[in-house]
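Asks: Structure for the following, please:
(one chain, ligands or ions: 1)
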Amino acid sequence: MPPMKVTHKKIQNWYHRFGRTTLPWRNTTDPYKIYLSEVMLQQTQVSTVLERFYFPFLRAFPTLKALGDAPLDRVLKMWEGLGYYNRAKNLHRTAQMVTHLPQELDALQALPGIGINTAHAIATFAYHQPVPIMEANVKRILCRIHQLTNPKPKELWAYAYEMVDKENPYIYNQAMMDIGSLICTPTSPSCHLCPLESICQGKENPTQYPQKKKRVVPTREEYIILYHHQGRLALTQREGKFLHGLWGFTSTQNPLDEAEPIGCVTHTYTHFKLICHLYLLEESTPSQSHYFTPKEIRKLAISKVDDKILNVYLDTMASLFT
Ligand code: SF4
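Replies: Predicted structure coming up:
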């Protein structure tokens, strides 16, 4: 048997014994459910998606059509806590464009928010096409197998296409993700348990591949003004690219002299750390367009930061009466 066929067989055997075969998106043939899981899992851990988001979202929007028919506000509310809200907006836009996902890679990539990685994942997991996938675990495995420290995407894709099991692409791709997550881990890979051990060139020094990139996270500071009128707070629906569509408190570059400082919250995003200095401004006449009670705010789609800000406000108010 050719060496790659032997490896494919080992991968299959490993998957049947140790793979995470019970994950719900691995037990459906519905392309929408598979697509949803792929989008949710892009920036979020399996356990979080599984425990808190996947099933409630599907209960609210059981089909692509139901998602497309729903107002964006409701979709964002169901996405609240998952972060990276562009994912939800793109899902919604896609659902407004199609009621069935196409099978071809080009047609998939023409839809909002579906890049090359997601298109390949949908093609193989929903339609069992003989194409590889590319996510963090698979990248790490490929780098180690081929001793690559800093490969270009094109190089990785070429290796991935060379290696994919064209007869059993579904099992192969699911297994590669699981091997990366359970065996070929970033800091302590268990090479002696790995079905790829016989073809792996990097097994002597696996943690050298790929090279780690040092990341410096910049800090951004904002001043948040809580306009307060008769127990209600002003919020606006964001229009800029950042957190677009979510409701939020008013942010300014400078504090207002007449406002009272009530605290500070911090939040770390992937690309920067945000420090918000909070100021409360009591108004005898409302100056903003929309005011809400804290109870009403909890029902709006708001970001994690604004949720933290609301908590500081509630603590401040509670301390005034104790
Ligand atoms: S042999 Fe080791 S380094 Fe190579 S793929 Fe398996 S776990 Fe990773």
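
Asks: In which helix or strand does Cys264 reside?
Replies: strand 260-268 (DSSP states H and E).

Asks: Apart from its chain neighbours, what residue comes closest to the residue sitting furthest away from the middle of the chain?
Replies: Distance from the C-alpha centroid of the chain peaks at Ser284, with 42.2 Å (CA atoms, centre = their mean). Excluding the flanking residues, the one nearest Ser284 by CB to CB, 6 or more residues apart in numbering is His229, at 7.8 Å. Backbone N, C-alpha and C define where each C-beta goes, glycine included.

Asks: Around the ligand, which positions in the stretch 1-150 of the chain sit nearby?
Replies: 141, 144-145 (CB under 6 Å from any ligand atom).

Asks: at 5 Å what do you get?
Replies: 141, 144 (CB under 5 Å from any ligand atom).

Asks: For the stretch 1-150 of the chain, which segments are assigned as helices?
Replies: Using DSSP state H, counting those that start in this stretch, the helices found in the stretch 1-150 of the chain span residues 3-18, 31-41, 46-48, 54-60, 64-69, 72-79, 86-97, 105-109, 116-127, 136-145.

Asks: Dump those to TSV, plus mean neighbour count and mean pLDDT.
Replies: Output for these, formatted as TSV (neighbours: other CB atoms under 10 Å; pLDDT from 0 to 100):
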stretch	mean neighbour count	mean pLDDT
helix 3-18	16	95
helix 31-41	22	97
helix 46-48	13	93
helix 54-60	15	98
helix 64-69	18	98
helix 72-79	18	94
helix 86-97	19	96
helix 105-109	15	98
helix 116-127	22	97
helix 136-145	21	97
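
Asks: closest to Trp247 out of the ones you listed?
Replies: Closest approach to Trp247 among the helices of the stretch 1-150 of the chain is made by helix 72-79 (8.8 Å; CB to CB).

Asks: Centre of the chain to the closest one, how far?
Replies: Taking CA atoms, centre = their mean, to the nearest Å, one finds the center of helix 72-79 at 15 Å from the center of the full chain.

Asks: tell me the angle that helix makes with helix 31-41.
Replies: Helix 72-79 runs at 60 degrees relative to helix 31-41, counting by axes from the mean of the first three to the mean of the last three CA atoms, to 10 degrees.

Asks: How about residues contacting helix 72-79?
Replies: For helix 72-79, contacts defined as CB atoms under 8 Å, 6 or more residues apart in numbering pick out 53, 56-57, 60-61, 67, 85, 87-89, 91-92, 245-246, 299-301.

Asks: same question, stretch 274-290
Replies: Identification of contacts with stretch 274-290 by CB under 8 Å, 6+ apart yields 219-229, 234-236, 250-251, 255-256, 258-268, 305, 309, 312-313, 316.

Asks: domain assignment for this protein?
Replies: 3-208, 219-320 (automatic domain parsing).

Asks: Report the contact partners of whatever residue of the stretch 201-322 of the chain ends up closest to the ligand.
Replies: Distance from the ligand to each residue of the stretch 201-322 of the chain (CB to the nearest ligand atom) is smallest for Pro206, at 3.5 Å. With contact set as CB under 8 Å, 6+ apart, Pro206 has these partners: 144, 184, 189, 191, 200.

Asks: Could you export stretch 271-280 as CSV, CA atoms only?
Replies: C-alpha atoms of stretch 271-280 as CSV (Å, rounded to 0.1, in the frame of the first residue of the first chain):
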residue,chain,number,x,y,z
HIS,A,271,-6.2,43.6,18.3
PHE,A,272,-6.3,46.1,21.1
LYS,A,273,-7.0,46.8,24.7
LEU,A,274,-9.8,49.3,25.4
ILE,A,275,-9.9,51.4,28.6
CYS,A,276,-13.1,53.3,29.1
HIS,A,277,-13.3,56.2,31.6
LEU,A,278,-17.0,56.5,32.7
TYR,A,279,-18.7,59.8,33.4
LEU,A,280,-22.3,60.3,34.5
